[in-house]
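Visitor: quick one, structure for this:
(one chain, ligands or ions: 1)
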Amino acid sequence: MPTPTAFFQGDFVPLEQAQIPVTTHAFNYGTAVFEGIRGNWNGEQNELYLFRLREHIQRLRQNAKILRIGIRYSDEELIRIVTDLALRNDYREDVYIRPIAYKSQSVIGPRLHNVEDDVLFYLIPLGAYLDSDSGITCTVSSWRRVDDNMIPARAKVAGLYVNNSLAKTEAQQNGFDEAILLNHDGHVSEGSGENIIIVRGGKLISPPPADNILEGITLDTAFEIARSLGYETEQRTIDRTELYIADEIFMTGTAAHVTPVLSVDRVPLNEGKPGPITTAIQRHFFEAITGRLPQYASWLTPVYAGAAVTA
Ligand SMILES: Cc1ncc(COP(=O)(O)O)c(C=O)c1O
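Guide: Numbers count the residues shown, from 1 in each chain. Prediction:
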């Protein structure tokens, strides 16, 4: 079995050696942006497919810009690093890659300027994050989503995820699987680690970016699949009460894939079963991410086919 490997301080190193000092700025002040990238395993093809790698790298770079973090590698170099990382770790199962662009200097004082930065990547095996087979229960959180003028949700800032964690823990301790956060004006924003899509009258609706969501790559994927199946899609502000009267709801995310929501605040949706449109999109999605639908091949980076490890 190969040694679990990370990319840290410019080199591939054993994961256990990728350690930051307690004095690191990002650890003290949450000054980091991160990504999640899936590698989806196809056992019949013996292949691990990285999903929409370029889009994740581009989003990392954009978000780093918001935190004034300069990434010293080109997109092509980052794509190569992630592919090599997956190859070196050599897992034959679904994996999750975590890039972090962070303020790496040991220095006191909250600020973004004049602090050194770096980027690291690690990889872990990760199966289902939520129960995407059976579906999940949700509750509307008493915690409000942070606003763009507080900490921008679109930027996937490490420190911002305290907001998500408060909501997730409240939901689980109250007996639900996942939280749905409203934004400061009371409209639906997103889950603690997922975007939300409601289905009404055969149309798929999700909140617009200005309602304090992460501009999800899986959301974009689900919408593209939905349109290919003949469904209309729309991004518009969603009222809380639409969560209770929607025909179907599902959540999307790199970790969560496409996960049906069975109820919100114990109000059942589609009689508490995954809805037909959700199920159709979910089936298509799983086939697409595991390399079974040639029309979506451009979304996939195969790790093992023709790959060569760089020195
Ligand atoms: C808060 C939040 N919303 C939405 C998403 C889904 O985004 P994506 O599909 O790009 O992973 C995530 C996960 O990355 C998230 O953390």
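Visitor: can you pull up the most central residue in this protein?
Guide: In the chain, the centroid-proximal residue (Cα atoms, centre = their mean) is residue 254; its distance is 3.9 Å.
Visitor: surely it touches residue 217?
Guide: Yes: the criterion here is Cβ atoms under 8 Å, and residue 254 meets it with residue 217 at 6.8 Å. (C-beta placed from N, C-alpha, C; glycine too.)
Visitor: which element is residue 279 on?
Guide: helix 276-289 (DSSP states H and E).
Visitor: the stretch 151-300 of the chain: helices as residue ranges?
Guide: 161-173, 217-228, 242-245, 276-289 (DSSP state H, counting those that start in this stretch).
Visitor: reformat these as CSV; add mean neighbour count, distance to residue 48 and mean pLDDT.
Guide: Converted to CSV, the helices of the stretch 151-300 of the chain look like this (neighbours: other Cβ atoms under 10 Å; distance: least, Cβ to Cβ, whole Å; pLDDT from 0 to 100):
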stretch, mean neighbour count, distance to residue 48, mean pLDDT
helix 161-173, 17, 27, 98
helix 217-228, 20, 18, 98
helix 242-245, 16, 36, 98
helix 276-289, 19, 11, 98
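Visitor: do you know which of the ones you listed lies nearest the ligand?
Guide: helix 217-228 (3.1 Å; Cβ to the nearest ligand atom).
Visitor: how about that closest one as CSV, C-alpha atoms only?
Guide: Coordinates of each C-alpha in helix 217-228 appear next as CSV, following Å, rounded to 0.1, in the frame of the first residue of the first chain:
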residue,chain,number,x,y,z
ILE,A,217,-19.8,23.3,-9.3
THR,A,218,-22.1,20.4,-8.5
LEU,A,219,-25.1,22.8,-8.7
ASP,A,220,-24.0,23.9,-12.2
THR,A,221,-23.5,20.2,-13.1
ALA,A,222,-27.0,19.2,-11.9
PHE,A,223,-28.6,22.1,-13.8
GLU,A,224,-26.7,21.2,-17.0
ILE,A,225,-27.9,17.6,-16.6
ALA,A,226,-31.5,18.8,-15.8
ARG,A,227,-31.6,20.9,-19.0
SER,A,228,-30.3,17.9,-21.0
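Visitor: one step back: okay, the spatially closest residue to the residue nearest to the centre of the chain that is not a sequence neighbour: pLDDT?
Guide: Nearest residue to residue 254 in three dimensions, chain neighbours excluded: residue 36, at 4.2 Å (Cβ to Cβ, 6 or more residues apart in numbering). Looking at residue 36, its pLDDT reads 98.
Visitor: what of residue 310?
Guide: Per the predicted model, pLDDT is 46 at residue 310.
Visitor: and if you look at residue 305?
Guide: Note on residue 305: pLDDT of 89.
Visitor: return every residue with contacts to both of residue 254 and residue 217.
Guide: Shared contacts of residue 254 and residue 217 (Cβ atoms under 8 Å, 6 or more residues apart in numbering): 51, 56.
Visitor: thinking again about what came up before, quick one: contacts of the helix holding residue 279?
Guide: Against helix 276-289 from outside (Cβ under 8 Å, 6+ apart): 38, 40, 49, 51, 132, 199, 202, 204, 221-222, 225-226, 228-229, 231, 247-250, 257-258, 260, 274, 293, 296, 299-300.
Visitor: tell me where the stretch 1-150 of the chain has strands.
Guide: With DSSP state E, counting those that start in this stretch as the criterion, the stretch 1-150 of the chain has strands at 5-8, 11-14, 32-34, 37-42, 47-51, 95-103, 117-125, 136-144.
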